[in-house]
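Participant: need a structure here:
(6 chains)
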There are 4 protein chains.
Amino acid sequence: MSEAKQRILDTAGQLFAERGYELVGINELIEKSGVAKATFYQHFRSKEKLCAEWLRHAATESEKSARALLDSDLPATEKVVQKFNRVRDYLLSSEFRGCAFSNTATVMTEDNEVREVVRDYKAGVRLFWQALALELRRDPSAARALGDAFFLLFSGAVTEAQNAKAIWPVESAKAAALALCGEPSSS
Amino acid sequence: MSEAKQRILDTAGQLFAERGYELVGINELIEKSGVAKATFYQHFRSKEKLCAEWLRHAATESEKSARALLDSDLPATEKVVQKFNRVRDYLLSSEFRGCAFSNTATVMTEDNEVREVVRDYKAGVRLFWQALALELRRDPSAARALGDAFFLLFSGAVTEAQNAKAIWPVESAKAAALALCGEPSSS
Amino acid sequence: MSEAKQRILDTAGQLFAERGYELVGINELIEKSGVAKATFYQHFRSKEKLCAEWLRHAATESEKSARALLDSDLPATEKVVQKFNRVRDYLLSSEFRGCAFSNTATVMTEDNEVREVVRDYKAGVRLFWQALALELRRDPSAARALGDAFFLLFSGAVTEAQNAKAIWPVESAKAAALALCGEPSSS
Amino acid sequence: MSEAKQRILDTAGQLFAERGYELVGINELIEKSGVAKATFYQHFRSKEKLCAEWLRHAATESEKSARALLDSDLPATEKVVQKFNRVRDYLLSSEFRGCAFSNTATVMTEDNEVREVVRDYKAGVRLFWQALALELRRDPSAARALGDAFFLLFSGAVTEAQNAKAIWPVESAKAAALALCGEPSSS
DNA sequence: TATGAATGAGTGTTCATTCAT
DNA sequence: CATGAATGAACACTCATTCAT
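Facilitator: A predicted model of the protein is given here:
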């Protein structure tokens, strides 16, 4: 990868994450990257393709981190706690920008490459939570249900922390998730 | 309210809901409303103000509906079910467009009027769920926790239904919420 | 028609005629017209539509002039002479820019509005020559053939005067056309 | 000539003929030729030079074919017929793309190399028709006039077939040319 | 109250060409 | 002889907003 392309990707990652796909123009992007417009288009066929590439990279990083957490020998409930703590730290350090994947998908018309990336990423996150739930429930069906509850609490926490510009949704979701952990036979 | 202004608000509501704030231009808006450009700006000082007014109106409607559900004499768990069923029907009939409030806030820069409207709306929704939870838990603290769990499951369900273009998140969230209903003494 | 629109049309007519559709950009057009870019697009939905409008106007003018010549009480051969003389004068005064209709159609991809305008215009010119030929031949079939010969000599003259940047093709075509006039019974 | 250069010339010939000089970009050209951009500019100093070279080659080929027809021992009128039939076949098989030389000259600014090539080519075509006319007229002056009539009918036929996307202009021109063949004493 | 005309600043994208290797 | 990376200038077009009437 050429140095210019890397610079573009880095700048795009930062700007898209900060302000969202629509509010970042190509002009600002190339200026902050220090490249000419034509150079940009040599490396990315369109703004949308750049966005897809950025999200694919972010998804890969996120999945690596999730896998590492899953593979660690912490107790399952501790893994739950850590996952929520991580997103709490991210939100606090990013001014509650929310989920880059959901935010980006929202402004995409129709089914395009970006939406596909987002769908795949979200499917991966769901699988993470279900795998984690399997450490807490013997019954596969119960595990799936618990995993989805984790997943949706987590997603809701990020969305509402973004809306409220406050961290309480993450703490509430964590508490709810932990409450669910300890009740294997109640349903 | 003048007839023209009402027509603009109606059109805006429909278009914003369908495609999002950013993807709807003033030109299309006034053309579909059948008013002149200057007429539009006589009634709304900016596109953003129009958007805020639209969301304020939608929030009022939504709160009325929520209050009616709350005031009904259905059992609390049935109210939970109905709330989820309603959002399911909405998502199915809107091609999973998601939450208009969250979606709109996402594309707004900094703290502006629209974000404020969204925050207020979301605070109202949170209160709805907490009021509902109070019907299920004596302890105010437990009720708050349960209400937040409902709220975040609900929010996550809408977000992920939008991302997945599928209804399963709503059904999973409903199931999780119902499971939480029946465990008053577990925490 | 607003003054700005008229100015745009005038400028476009001049520039398109001088250098051709492709070699005239919107930026130059609006600058020379003294209007803002958005003003241009308020009046014309696209560069192509502007071009079509220009050609439609030019076609109307041309047809008026042709009809006047046809309706005059000159002898038919004199009408032929005049038609060729007119195009000679046009070519001499326009640096042999050639036929605006043919030139424009050449750079249009696919079937679009402009091509349609050109086709209609050319059909009108053909009809002019056939009507003129009817004054020289009793037999309708012979008149049609003679009219087409006039039409094609005329078209070829304009094309090759443009290529050669010289007037001889018009004179040669005129001579050939006149030769054809005087031989009603030879075929 | 290097293999790369030949490939570029071949591709350019095809693309320029199909869509015209302006609508073919260097990027597409080098991609379809399978060469790098810099390689292209090693062989051709500019897009315009490439175009000139292409047309020079095409002119040579065309002149060879014309000479062969002229040198054949067919009767002169038959040569006329064949020339028109050939252009008819070309137009039918090329979707009435018209005369590559005229078309290209039209989109060239000022007097440049390409226009010169086109002028030379057209002069050659004129000479062909005049040579052919000499087989039909003893008087050199009458032969020149007849040759020009052929030339202009031919040119007009190609232009108007392109405009009309129909073959009738060629057939009409052929008929007119044949009519002229048989009238040696009329002028 | 209502309007049609006009605007400056911006959008994303493509052009033919050059340079360092 | 060949290349991938880089470029400045231009492309057609759209944005939300304002003004004179």
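
Participant: what residue ranges in chain A score low on pLDDT?
Facilitator: A:183-187 (pLDDT under 70).

Participant: Tell me how it divides into domains.
Facilitator: Per automatic domain parsing, the structural domains of chain A span A:1-44, A:51-181.

Participant: quick check, the longest one touching DNA strand E?
Facilitator: Just to be clear, that refers to domain A:51-181. No. Contact of domain A:51-181 with DNA strand E (Cβ under 7 Å from any atom of the strand) is absent, the minimum separation being 9.7 Å. Using the backbone N, CA and C atoms, a C-beta is placed for each residue, glycine as well.

Participant: what about that domain, distance to the chain center?
Facilitator: From the chain centre to the centre of domain A:51-181 is a distance of 6 Å (Cα atoms, centre = their mean, to the nearest Å).

Participant: With chain B in mind, check whether that domain reaches it.
Facilitator: Yes. On the criterion Cβ under 8 Å from any Cβ of the partner chain, domain A:51-181 is in touch with chain B at A:98-99, A:101-103, A:105-107, A:109, A:118-119, A:122-123, A:145, A:148-149, A:151-157, A:159-160, A:162-165, A:168-169, A:172-173, A:175-176, A:179-180.

Participant: At the geometric centre of chain A, which residue do we find?
Facilitator: Centroid-nearest residue in chain A: residue A:99, 5.2 Å away (criterion: Cα atoms, centre = their mean).

Participant: which residue packs closest to that one, ignoring adjacent ones?
Facilitator: Nearest residue to residue A:99 in three dimensions, chain neighbours excluded: residue A:158, at 4.9 Å (Cβ to Cβ, 6 or more residues apart in numbering or on different chains).

Participant: my guess is that neighbour contacts residue A:84, does it?
Facilitator: No. If you go by Cβ atoms under 8 Å, residue A:158 and residue A:84 don't touch, sitting 10.1 Å apart.

Participant: For the closest residue to DNA strand E within chain A, the count of nearby residues, please.
Facilitator: Using Cβ to the nearest atom of the strand, the single residue of chain A nearest to DNA strand E is residue A:25, 2.3 Å away. Counted with other Cβ atoms under 10 Å in any protein chain shown, the neighbours of residue A:25 add up to 11.

Participant: Next, it: phi, psi?
Facilitator: Backbone geometry at residue A:25, expressed as degrees, to the nearest 10, gives phi -100, psi 160.

Participant: ok, back up a step: report the buried members of the residues of domain A:51-181 next to chain B.
Facilitator: A:98-99, A:101-103, A:105-107, A:118-119, A:122, A:145, A:148-149, A:151-157, A:159-160, A:162-164, A:169, A:172-173, A:175-176, A:179-180 (16 or more other Cβ atoms under 10 Å in any protein chain shown).

Participant: any chance you could map the helices in chain A?
Facilitator: Applying DSSP state H to chain A gives helices spanning A:3-19, A:26-33, A:37-43, A:47-71, A:76-93, A:100-106, A:113-134, A:140-164, A:168-181.

Participant: Just the CA atoms of the last one, as CSV, please.
Facilitator: Extracted C-alpha coordinates of helix A:168-181, given in CSV (Å, rounded to 0.1, in the frame of the first residue of the first chain):
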residue,chain,number,x,y,z
TRP,A,168,-25.5,5.7,31.9
PRO,A,169,-27.0,3.6,29.1
VAL,A,170,-23.8,1.5,29.1
GLU,A,171,-23.9,1.0,32.8
SER,A,172,-27.6,0.1,32.8
ALA,A,173,-27.1,-2.3,30.0
LYS,A,174,-24.1,-3.9,31.7
ALA,A,175,-26.2,-4.3,34.9
ALA,A,176,-29.0,-5.9,33.0
ALA,A,177,-26.7,-8.2,31.2
LEU,A,178,-25.1,-9.3,34.5
ALA,A,179,-28.5,-9.8,36.0
LEU,A,180,-29.3,-12.2,33.1
CYS,A,181,-26.0,-14.1,33.6
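
Participant: what's it packed up against?
Facilitator: Helices and strands touching helix A:168-181, by 3 or more Cβ pairs under 8 Å, 6 or more residues apart in numbering or on different chains; DSSP states H and E, are helix A:76-93, helix A:140-164, helix B:140-164, helix B:168-181.

Participant: export the ones you listed to JSON lines and tack on distance to residue C:48?
Facilitator: Listed next are the helices and strands packed on helix A:168-181 as JSON lines, based on distance: least, Cβ to Cβ, whole Å:
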{"stretch": "helix A:76-93", "distance to residue C:48": "49"}
{"stretch": "helix A:140-164", "distance to residue C:48": "44"}
{"stretch": "helix B:140-164", "distance to residue C:48": "38"}
{"stretch": "helix B:168-181", "distance to residue C:48": "46"}
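
Participant: For these, give me CSV that also has distance to DNA strand F.
Facilitator: Shown next, in CSV, are these (distance: least, Cβ to the nearest atom of the strand, whole Å):
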stretch, distance to DNA strand F
helix A:76-93, 29
helix A:140-164, 23
helix B:140-164, 22
helix B:168-181, 31
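
Participant: which one of these lies closest to residue B:38?
Facilitator: Comparison of the helices and strands packed on helix A:168-181 against residue B:38 by Cβ to Cβ identifies helix A:140-164 as nearest, at 34.5 Å.

Participant: my guess is residue A:26 meets residue A:36, correct?
Facilitator: No. Assessed by Cβ under 8 Å, residue A:26 is found out of contact with residue A:36, at 11.4 Å.

Participant: of these two, who's got more company?
Facilitator: Neighbours were counted for residue A:26 and for residue A:36 using other Cβ under 10 Å; residue A:26 has more, 15 against 11.

Participant: Against residue B:20, how distant is the closest residue to that one other than its chain neighbours?
Facilitator: Leaving aside its sequence neighbours, residue A:26 sits nearest to residue A:47 (Cβ to Cβ, 6+ apart; 5.9 Å). Separation of residue A:47 from residue B:20 (Cβ to Cβ, to the nearest Å) stands at 17 Å.

Participant: swap in residue A:15?
Facilitator: Distance from residue A:15 to residue B:20, by Cβ to Cβ: 20 Å.

Participant: what does residue A:82 give?
Facilitator: Counting by Cβ to Cβ, the gap from residue A:82 to residue B:20 is 34 Å.
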